[in-house]
Each structure stands twice: as C-alpha cells, then as structure tokens.
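K.L.:
just the structure for this:
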Amino acid sequence: MNTTLTQFYPTTGRALFFNLLAIALGFGVLISSKVVPLNNFGTIVAMSVATSFLVSMTLLPALIQLFKPRFITGEKAESGMGNLVPAGVKAVLAIVVISAVGFFATTENAFADDLPDGRWVIEQVNAVDEGLHVTRKLTMKMVDKRGKERLRETLGYRQYFGDEKRTVLFYLEPRNVKDTGFLTYDYPDAKVDDDQWLYLPALRKARRISASDRGDYFLGTDFTFEDIKKEGKIELSDYHFKTLSKDVIDGKEALLVEALPVDAETAKELGYGKTHMWVDPSNWLVVKAHYWDIKLNDLKTLRASDIRQVDGIWTRHHLEIENHKTGHYTEFVFSDVDYQSTVNTKVFTRQALTRGAQ
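P.N.:
Residues are numbered from 1 along each chain as shown. From the prediction side, this is the model:
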C-alpha cells in the first residue's frame, strides 16, 4: 500500500492536490458571504472537492492494489481475489467506507442546521422597502360558510413621517358602510402603544382602538386590526423567532419561521398562540402563514399571490385568508397601486377621518 501511494502521489496525486487547492480555495471564499445560497454553495463545493481528493488518495490506490488493472500495471488481473485481498487493503477500504458514512452524516446535520436566524429573517421582512408613500384601492370579499358573499370597495393611503408610519383606509362601497374609516399611527418605539381610530358614520365619532383590542377581527374580515396595521410586517418585540426549515411554496424556495408570543398576555392581545410564516428570500415577503389560537388549536391560513414590482417596490396584490374554525374566507385584491404620487398629509388626521374619502 505504501509503495502504491509513493508511486501515485508524484504523478496523478500531485495533480489532484493542486486541483484541490485551486477549486476549494477559489469557491471557499463564498463561505464568508452573508447571502445564504452563496454561502451554502461555497461550503458544498469546498467539502465535495476535499472529500474527492481524500478518496482518490486512499481508496483509489487500494483498488489499484486489489484489482491491478492492466492499463496501469501492465499485468493481467487475477481472478478469485476474495481470499487473496491483503489485510491492509481491507482495512483501508473499511476506514474509507466508515469515514464516508460519517462525513455525509455530519454534512447532512450541518446543512440541516445551516439556516439563518429566525429573528434575522424577520428583520429582513421588516426592512423591505414600502416607499415613502402609497395610494391604492382595495377590494375586500368576505365569504361565510354558506357561501354568501359581501364586497367592500376602499381607498387607502400610507405615508412615513420619519420612522413613524401613518395609514388611513376609507370605505367607498356599498352604501351601508360608505365613509367608514380606519386610521393608524405606527410608532417606531415598541414601548409606545400605537394609536388606532375607527370611524363609524352611524356613531358620528372616531373610536380609539386600544392595544388590547389589536387581536380583534377587522370589520367582518378574517384579518385582525394588527394585521391591517402591520401590512405584512411583524412586531419584533411580540415574538420569539426560530427558523425551522427550507420549504418549497408555489415552486419557489421559502424559509419557514416559527413565531411564539413572548408571554401569555401578548398571545391574548394578538389572538395567536403560534404562527408559522414562509418567507421568500428573493424579496423577503411573507408568501404564506399559518396561525394557531392561544390554546394552539388550528385557526387560519394566509396565502399571498400576484407578487410583482410596482415602481420598483415588491408588492403583494392578492391576499386570501381562510378561517378553519368558522369556515369564513376573506380575499383582498389591491389595484391602482401608486408609490410615486404625493399624498396630502391632512388625510392622516382624525378630522379627515370623519369627513370620509375626498
């Protein structure tokens, strides 16, 4: 065996070694990348080339010693080798097999754990550009378990004032809900309760929504007041996050992140005991979410589709959410999305809320 290695290394073995250095080091620099797919690719290539080199330097000489191929030794291969295989060759083969099994088991575990931190993933979701301001129409369709449909036509505006986000939604149709309005002030400081007001024309008064009501359902939909306010973003201080796996959603890779409320009081406010979110790392948007109630009973499932760029900003145009407890279903369709036109800042006031859409 030693003689075979001594003959093998100065020729083919040396070429294999330089090939290892060139490829492993060349692609190995990708391991330092913060982009997960590039990081994984660099790791896979470096480990694969290193494994190939080790096997070539151990298993290949052993096989040459065992079978003595004519194109290498110039000798005719012997038959009935089973009992004639040297003990040293058998030992090498056993070590290589055991090492290979251990290597691939270790590699599998390494890549199973090679998932980005859950909180970091949600930070990327929250960092997605929303534009300084936006104007858009929203058609709501609510379907009960008997199949009865209700439609709502609304007009919405959103604008950032520094780090503070303000959103207002006016109902246009049908007549019985016309001029209903919803206004939110989403403050950047998690210690400060956000302000939310709901204006109902029948009461002629804007009612403030307290933080403890944020888990209530929004005007007959299956979205909560918190869902409407956050628009696909997630409050970091409300949850503990963990990335569970990589899944495929609608033919695209997505990161599955579990969100558990930080305490029982927060879970009660949100109405959720656990949430699973599937995040598309190509645009960092939540493309699917599944919710459990505070007793961890199956609650509802959200799906997002028709995701495309408008004015260079990734936008979810179609949201559908199914309530598994009630059999109720809600569909949101956004249209005429405009991130370019300026918005009159006066629409983000309680006085404007009582006047309806202008």
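K.L.:
now the helix or strand where V257 lies: buried residues?
P.N.:
Taking DSSP states H and E as the criterion, V257 maps to strand 252-261. For strand 252-261, the buried set under the neighbour-count rule, 16 or more other Cβ atoms under 10 Å, comprises A254, L255, L256, V257, E258, A259, L260, P261. Any C-beta I mention is one placed from the backbone N, CA and C, and that applies to glycine too.
K.L.:
over to stretch 166-175?
P.N.:
R166, T167, V168, L169, F170, Y171, L172.
K.L.:
try stretch 223-242
P.N.:
223-235, 238-239, 241.
K.L.:
likewise for stretch 295-304?
P.N.:
Buried residues in stretch 295-304 (16+ other Cβ under 10 Å): L299, K300, T301, L302, R303, A304.
K.L.:
average pLDDT for it, rounded please.
P.N.:
Taken as a whole, stretch 295-304 carries a mean pLDDT of 97.
K.L.:
could you do stretch 132-141 as well?
P.N.:
For stretch 132-141, mean pLDDT rounds to 96.
K.L.:
which residues sit against that stretch?
P.N.:
149-160, 169, 221, 330-339, 341-343 (Cβ atoms under 8 Å, 6 or more residues apart in numbering).
K.L.:
what does stretch 281-301 give?
P.N.:
36-37, 121, 124-125, 127-128, 222, 232, 249-250, 252-255, 264, 267-268, 271-280, 302-304, 307, 314, 316, 321-325.
K.L.:
now stretch 233-244 - C-alpha only, CSV.
P.N.:
Taking C-alpha atoms only, stretch 233-244 is exported to CSV below (Å, rounded to 0.1, in the frame of the first residue of the first chain):
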residue,chain,number,x,y,z
LYS,A,233,-44.6,43.4,8.8
ILE,A,234,-44.1,41.8,12.2
GLU,A,235,-43.5,43.4,15.6
LEU,A,236,-40.2,42.0,16.8
SER,A,237,-40.9,42.7,20.5
ASP,A,238,-44.1,40.5,20.4
TYR,A,239,-42.4,37.2,19.5
HIS,A,240,-39.5,34.8,19.8
PHE,A,241,-38.5,33.5,16.4
LYS,A,242,-36.9,30.3,15.1
THR,A,243,-36.2,29.2,11.5
LEU,A,244,-37.4,25.6,11.2
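K.L.:
buried residues in whatever helix or strand comes next after the strand holding V257, which are they?
P.N.:
Using DSSP H and E, the helix or strand that follows strand 252-261 towards the C-terminus is helix 264-270. Burial within helix 264-270, assessed by neighbour count using 16+ other Cβ under 10 Å, is assigned to T266, A267, E269, L270.
K.L.:
surely R204 is in contact with G356?
P.N.:
No. Look at R204 against G356 with Cβ atoms under 8 Å: they stay out of range, at 11.7 Å.
K.L.:
who's more crowded, these two?
P.N.:
G356 (16 against 8; other Cβ atoms under 10 Å).
K.L.:
do you know the pLDDT at the nearest residue to the more buried one once chain neighbours are set aside?
P.N.:
In this structure, G356 finds its nearest non-sequential neighbour in D179, 3.6 Å apart by Cβ to Cβ, 6 or more residues apart in numbering. pLDDT, D179: 91.
K.L.:
now for D179, how many residues are close by?
P.N.:
17.
K.L.:
next: K346.
P.N.:
10.
K.L.:
ok so it is a strand residue?
P.N.:
No. Counting by DSSP: H, G, I helix; E, B strand; the rest coil, K346 is not part of a strand but helix.
K.L.:
quick one, what contacts it?
P.N.:
With the criterion set at Cβ under 8 Å, 6+ apart, K346 makes contact with A352.
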